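**Student:** build me a structure from this.
(2 chains)
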Amino acid sequence: MHVPDGFIDAPTSAVTAVVAAGALAVSLRGARREQGGTSRASEAERGGERTAPLAGLVAAFIFAVQMLNFPVAAGTSGHLLGGALAAILVGPCTGVLCVSVVLLMQGILFADGGLTALGVNITDMAIVTTVVAYAVFRGLLKILPRGRRSVTAAAFVAALLSVPAAAVAFTLLYAVGGTTDVAIGKVAGAMIGVHVLIGVGEAAITALTVGAVVAVRPDLVYGARGLRQGLKLRVNGALVDAPEPAAPVAARTSRRTLWISGLVTSLVLAGFVSFYASASPDGLEKVAHDQGIDTKTREHASAGSPLADYGVEDVSDARLSGGLAGVIGVGTTVVAGSAVFWAVRRRRTGAPAGAR
Amino acid sequence: MGAGHAHRLYRHAHSPVHALPPHTKLAAAFAFVVVVVSTPRTAMWAFALYAVLLACVAHHARVPAGFLLKRLLIEVPFVAFAVLMPFVAEGERVGVLGLSLSVNGLWGAWNVLVKGTLGVATSVLLAATTELRALLLGLERLKLPPLLVQIASFMIRYGDVITDEMRRMRIARESRGFEARGVRHWGVLAKSAGALFIRSYERGERVHLAMVSRGYSPTTKRVGGAPSSMPVVDEVTASRAQWSHALALPLSALVVCLLGWAL
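**Tutor:** I've put the predicted structure just below:
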């Protein structure tokens, strides 16, 4: 799935490169936290300095395991992509870093994936797979009963979904900035169809591998750290929980900084970058137009709304209008998202009190 | 150990291209590919000129054509995709040899094929003329986050070690009569992958302890100002002349590209 040069047009590549750089910056901070306190870390060595060797070795592992061929049937064989495996074993941020470094080295050294397509490749294969896999994995662990089997099952589903998710992300990128004229429906069908099959293999092997690691060193599996049993001491014949060693407060960035920088980035992307986005109809609209689908579709119910078709009514300059609509859209999304988040948090903090 | 520690893609020679500082080469390769990608696909002659420019660089670098062409084979899976494109793309059709092909699809296939090939050739030339260590130094000089460069350097340093460990595990499996034939044997292979992960992670912990015991600290700054790095014996710096030599490739490509848009 390594995208070569010239497959996605220059503006889209540039935007994905910015997205990838932002995600890497976040992951660099997050990886320090993730590698801070696993395994045999002592008080003194928690913090950033373990990140480089551990993430480096895990990247080498991902690189090696991609060469491990799994026979499928009748002489064909597949190999692991490793995004989901990395996310579950070492955490999402370190996972993003490891897969990105592997992709970077593959691009520069092995000419596997274009240099200008690095942003596309990292966004697609490192960020989407890892984040989707980890979100699904954690979500399932919350629902399923605690235990080793649940970890394996959750790993299976997470890997199963992560590969088609990357295919969907690729199809979206292709719809925005594809340089060829293949109908988006065909691309989506082919990509998702093939990657659902790949996903099944990926899921089986990821689940088996995670199961093998959990059986031997459960403390190494980042996604299953909740499973660790607390140390018990036998004091005068009775089992007593040993006091937890005081965990140092992890260095956190202020929520507000993160929130503001995220908001500014999306505003810049929506308001400024959309200036340069193509004014021609996108692939889907084009296919619909070519095949005469849109003659039958009724006008969208909100077609008369002041923001219809990503432009602000009464603002004649097309670019300015598109930019304004982007900014207003981001603003609305942020407000709606914050409201949902706030409501959920209210409910969650309120629930235990109500249960009692 | 007799083979040295250079990677297989590196081709040892003493040429003007080999002697350029790595970050200038990285910047030049990247700029060249950006220019190639932003050239209109209808300007066919422009791509021929790009190929000539790359051939000149290969000649200066004393990289034989056979070596370059053999390394280009990596994009074969993609060629298959490009060949399919004229059959599935939309738009008006044209009859060639009794086949109905899409004009847009033909242009698309040409576009992807030529830009992809030029991109791969650029990467191959870069890897053939730059040592791994220099490549990493170049990335650091280009202001990639130092932590990322360190992760990459650990990956490169231990990539062969981990691959060898995987090979030893394979030999151990095979010497006990195991042969992976189908889905039923995935469990064994996955257990090997799990064991490989545990070994890699524990090796990472040992490497970290070894580094700490030799005075490594992520917060100390070295003389050059870049924080958290292993010491560097010789700082790479590029003179103005070296920059201009390296950037001659993308700049001439830019001229071709502008001509391509103008004509």
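**Student:** contacts and neighbour counts: CA atoms only from here.
**Tutor:** Will do.
**Student:** how far is the helix or strand where residue B:25 lies from where the chain is centred?
**Tutor:** Using DSSP states H and E, the element containing residue B:25 is helix B:22-37. Between the centre of helix B:22-37 and the centre of its chain there are 12 Å (CA atoms, centre = their mean, to the nearest Å).
**Student:** what's the following helix or strand after it?
**Tutor:** Next in sequence after helix B:22-37, counting helices and strands by DSSP H and E, comes helix B:44-60.
**Student:** so does that next one get close to chain A?
**Tutor:** No. Using CA under 8 Å from any CA of the partner chain, we find that helix B:44-60 stays clear of chain A, coming within 12.4 Å at best.
**Student:** how far off centre is the helix or strand following that helix?
**Tutor:** Next helix or strand after helix B:44-60 toward the C-terminus (DSSP H and E): helix B:65-71. Remark: helix B:65-71 is offset 15 Å from the chain centroid, using CA atoms, centre = their mean.
**Student:** so which elements touch helix B:65-71?
**Tutor:** helix B:103-129 (3 or more CA pairs under 8 Å, 6 or more residues apart in numbering or on different chains; DSSP states H and E).
**Student:** which helices and strands sit right next to the helix holding residue B:25?
**Tutor:** Checking 3+ CA pairs under 8 Å, 6+ apart, helix B:22-37 ends up next to helix B:103-129, helix B:132-141, helix B:240-262.
**Student:** got the buried residues for that helix?
**Tutor:** Neighbour counts using 16 or more other CA atoms under 10 Å in any protein chain shown place B:22-37 of helix B:22-37 among the buried residues.
**Student:** wait, which of the residues you listed is closest to residue A:183?
**Tutor:** residue B:37 (21.9 Å; CA to CA).
**Student:** does the closest one touch residue A:10 like I think?
**Tutor:** Yes. Using CA atoms under 8 Å, residue B:37 is in contact with residue A:10, at 6.9 Å.
**Student:** got the phi and psi for residue A:110?
**Tutor:** Backbone torsions of residue A:110, given as degrees, to the nearest 10, read phi -100, psi 0.
**Student:** residue B:86 versus that one, what's the distance?
**Tutor:** Distance of residue A:110 to residue B:86, given as CA to CA, to the nearest Å: 28 Å.
**Student:** same question, residue A:204
**Tutor:** In terms of CA to CA, residue A:204 sits 36 Å off from residue B:86.
**Student:** which residues of the stretch 151-300 of chain A score low on pLDDT?
**Tutor:** Along the stretch 151-300 of chain A, the model assigns pLDDT under 70 to residues A:181, A:226-231, A:243-300.
**Student:** show me what from it comes close to chain B.
**Tutor:** So far as CA under 8 Å from any CA goes, the stretch 151-300 of chain A lies against chain B at A:179-183, A:205-206, A:208-210, A:212-213, A:217, A:220.
**Student:** try 10 Å
**Tutor:** A:178-183, A:186-187, A:201, A:204-217, A:220-221, A:287, A:290 (CA under 10 Å from any CA of the partner chain).
**Student:** which of these fall within helices?
**Tutor:** Per DSSP state H, helices hold the following members of those: A:186-187, A:201, A:204-216, A:287, A:290.
**Student:** what does the pLDDT read for the nearest residue in space to residue A:178 that is not next to it in sequence?
**Tutor:** Excluding the flanking residues, the one nearest residue A:178 by CA to CA, 6 or more residues apart in numbering or on different chains is residue A:8, at 4.7 Å. According to the prediction, residue A:8 has pLDDT 82.
**Student:** for residue B:81, pull up the helix or strand it's in.
**Tutor:** Using DSSP H and E, residue B:81 maps to helix B:76-88.
**Student:** what is that helix packed up against?
**Tutor:** Judged by 3 or more CA pairs under 10 Å, 6 or more residues apart in numbering or on different chains; DSSP states H and E, helix B:76-88 is in contact with strand B:93-96, strand B:99-102, helix B:103-129.
**Student:** now do 7 Å
**Tutor:** strand B:99-102, helix B:103-129 (3 or more CA pairs under 7 Å, 6 or more residues apart in numbering or on different chains; DSSP states H and E).
**Student:** and residue A:4, its phi and psi?
**Tutor:** Torsion angles, degrees, to the nearest 10, at residue A:4: phi -90, psi 180.
**Student:** my read: it touches residue B:116, true?
**Tutor:** Yes. At 5.5 Å, residue A:4 and residue B:116 qualify as touching, with contact defined as CA atoms under 7 Å.
**Student:** still on that earlier bit, so the residue nearest to residue A:178 sits right up against residue A:179, yeah?
**Tutor:** Yes. Counting by CA under 7 Å, residue A:8 touches residue A:179, with 5.7 Å between them.
**Student:** of the two, which one has the most company?
**Tutor:** residue A:8 (23 against 19; other CA atoms under 10 Å in any protein chain shown).
**Student:** pLDDT (mean, whole number) over the helix holding residue B:25?
**Tutor:** 88.
**Student:** same question, stretch A:65-81
**Tutor:** The model assigns stretch A:65-81 a mean pLDDT of 73.
**Student:** still on that earlier bit, for chain A, find the nearest of the helices and strands packed on helix B:76-88.
**Tutor:** Evaluated over the helices and strands packed on helix B:76-88, closeness to chain A peaks at helix B:103-129, with 4.6 Å, by CA to the nearest CA.
**Student:** helices or strands up against that closest one?
**Tutor:** helix A:92-109, helix B:22-37, helix B:76-88.
**Student:** let me have the ones you listed in TSV, adding distance to residue A:158 as columns.
**Tutor:** Shown next, in TSV, are the helices and strands packed on helix B:103-129 (distance: least, CA to CA, whole Å):
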stretch	distance to residue A:158
helix A:92-109	12
helix B:22-37	35
helix B:76-88	28
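**Student:** which one of the ones you listed lies nearest to residue A:52?
**Tutor:** helix A:92-109 (10.0 Å).
**Student:** cool, thanks, signing off.
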